[in-house]
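# Have a look at this fold, sequence not included:
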């Protein structure tokens, strides 16, 4: 074996080694955890490689697309919409999504972000058109859920999962804002008037209750006085019935003496002029009181 033969054999070995290296290089694919690879054979879909070590047929198969499966956020989009009560609003939305089936995404849609943004805009306009402005403000969470579900149904054929949808803001034009402010001020004034009227009504009710209570108490007092007078009359009548006219005369004499005593105890010096008939009556009263004593 001459030197040329050895040189030719070494060249073959080198070529064979280089071919094996190329086979390994083209046939082994290590896919990162955050990606999926779409493999084609002669321009047609062959397979989708998941994260980890994968083998393909060298020179026949090729990795045509490397697709990230991380969650993505669309840029904040603003679109005009008209509510059910004909109010023009500007809605700022944001959508989060991830690609779950790359083979659908790469062969069915060219610009994923633009397609999703257009779909979201149409759904937002349609859903807001079913609601009054007050409902849009009060039921924002329900509106977000409805938009998310509608977008999911629309992009399902593209191998996309919508993870979250957000309505960042609902803006009104200045004319609508001024009208709403006027309405709010009018409502506040109406509530203040109602509160004031209710206060006056309550004051009148309390005053009437107080007058009624005072009348009831006065009526009770008159009734008690009448009952006391009736009882006294009854006692006197009973005494007259049992003891004759002397009992009545005794009561009259007692009252006369009490009256005279009260006059005599007054402040200063009093001169009391008493008719003769009264003196006789007082004398009779003193005799009766002395006799009773």
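All right, it came through fine. Since the model is a prediction, treat every value here as computed from it, not as a measurement.
# And the helices in this structure?
3-27, 102-108, 112-128, 133-138, 140-155, 174-243, 245-264, 276-292 (DSSP state H).
# now the last one: mean pLDDT?
Which is helix 276-292. If you average the pLDDT over helix 276-292, you get 53.
# likewise the third one?
Per-region confidence: helix 112-128 scores 90 on mean pLDDT.
# Kindly report the same for the fourth one.
The average of the pLDDT scores along helix 133-138 is 81.
# Name the residues that touch it?
Contacts with helix 133-138, where a contact means C-beta atoms under 8 Å, 6 or more residues apart in numbering, come from 83, 84, 85, 87, 89, 128, 143, 170. Quick note: C-beta positions are derived from backbone N, CA and C, even for glycine.
# which of those residues count as buried?
By neighbour count, with 16 or more other C-beta atoms under 10 Å, the contacts of helix 133-138 hold 83, 87, 89, 128, 143, 170 as buried.
# who's in contact with the last one?
Put plainly, it is residue 170. Residue 170 neighbours (C-beta under 8 Å, 6+ apart): 89, 90, 91, 92, 136, 137, 140.
# from these, which would you call buried?
Among the contacts of residue 170, the ones that count as buried by 16+ other C-beta under 10 Å are 89, 91, 136.
# where in the stretch 1-150 of the chain is pLDDT low?
1-9 (pLDDT under 70).
# returning to what we had before: of the buried ones among the contacts of helix 133-138, which pair is most distant in space?
87 and 143 (14.8 Å; C-beta to C-beta).
# before we move on, the earlier item: return the closest of the contacts of helix 133-138 with respect to residue 150.
Residue 150 lies nearest to residue 143 out of the contacts of helix 133-138, by C-beta to C-beta, at 10.6 Å.
# Isn't that closest one up against residue 128?
Yes: here residue 143 reaches residue 128: they are 7.5 Å apart, a contact under C-beta atoms under 8 Å.
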